[in-house]
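S.K.: got a predicted structure plus its sequence, pasted below:
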Amino acid sequence: MTSIATHLDPLPEWNVSIWLNSRGPVTLESLRGKVVVIHTFQMLCPGCVSHGLPQAERIRQTFREEEVAVVGLHTVFEHHDVMTVDVLRAFILEYRWSFPIGVDRPADKGPVPKTMANYGLHGTPTLIVLDRHGVARLHHFGRIEDLPVGAHIGQLLAEGKRAANQGAFESGETREGVASVMACDADGCAVDRSAT
């Protein structure tokens, strides 16, 4: 089930008890300015192991870290006694996942962990793609193919570059061979080269 976000507020911070594959805590605020790809998973979820996590790793290897951050979120809502942090460490090492992975903080009552509940997730794997402002622009529960995900990430990267270029041109900066922006629309920006 794919949904495109219509609520344009930044996603709230995740509630993580420990971070693995990271030098310290990772926050959504620290990732602002990047496209963020969040893969929620459980180690004993067949779809996560066969598709979701390998997809997250491919995204991590495909895009530059300066532009796209990939984050795993271990959201355990079943088999709590066997999916421990120590087992997760071994799982990460065995499969060689290279992106930061946070452990969703267990709920005070009930099986659904806190971030999973806060985000209204239906299960695992779930893919969430945030734009550079932290707004969820894609939310998908279950399997989704690489091509549409990559295209969506590319679109968000292009949006950020268009906005940056538009801001630079409006502030009077110029690039070699480009004097100013004449007009921009959803398809692109036309330039006035007559001054060059």
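M.R.: Looks like it came in fine.

S.K.: could I get the contacting residues of residue 34?
M.R.: Residue 34 makes contact with 66, 67, 68, 69, 132, according to C-beta atoms under 8 Å, 6 or more residues apart in numbering. From N, CA and C alone the C-beta is placed, and that goes for glycine too.

S.K.: who's in contact with the second one?
M.R.: The one in question is residue 67. Counting by C-beta under 8 Å, 6+ apart, residue 67 has contacts 34, 35, 157.

S.K.: which of the residues you listed fall in helices?
M.R.: residue 157 (DSSP state H).

S.K.: which of the contacts of residue 67 lies closest to residue 22?
M.R.: Nearest to residue 22 out of these is residue 34 (C-beta to C-beta; 14.9 Å).

S.K.: which residue ranges of the chain form helices?
M.R.: According to DSSP H, the helices that the chain contains are 46-47, 53-62, 85-95, 114-119, 146-170.

S.K.: which parts of the fourth one are buried?
M.R.: Counting neighbours by 16 or more other C-beta atoms under 10 Å, one finds that the buried residues in helix 114-119 are 114, 115, 116, 119.

S.K.: closest one of the residues you listed to residue 125?
M.R.: residue 116 (12.1 Å).

S.K.: and the residue nearest to the closest one when sequence neighbours are not counted, how many neighbours?
M.R.: The shortest distance from residue 116 to any non-neighbouring residue, by C-beta to C-beta, 6 or more residues apart in numbering, is to residue 75 (4.3 Å). Other residues lying near residue 75 total 27 when counted by other C-beta atoms under 10 Å.
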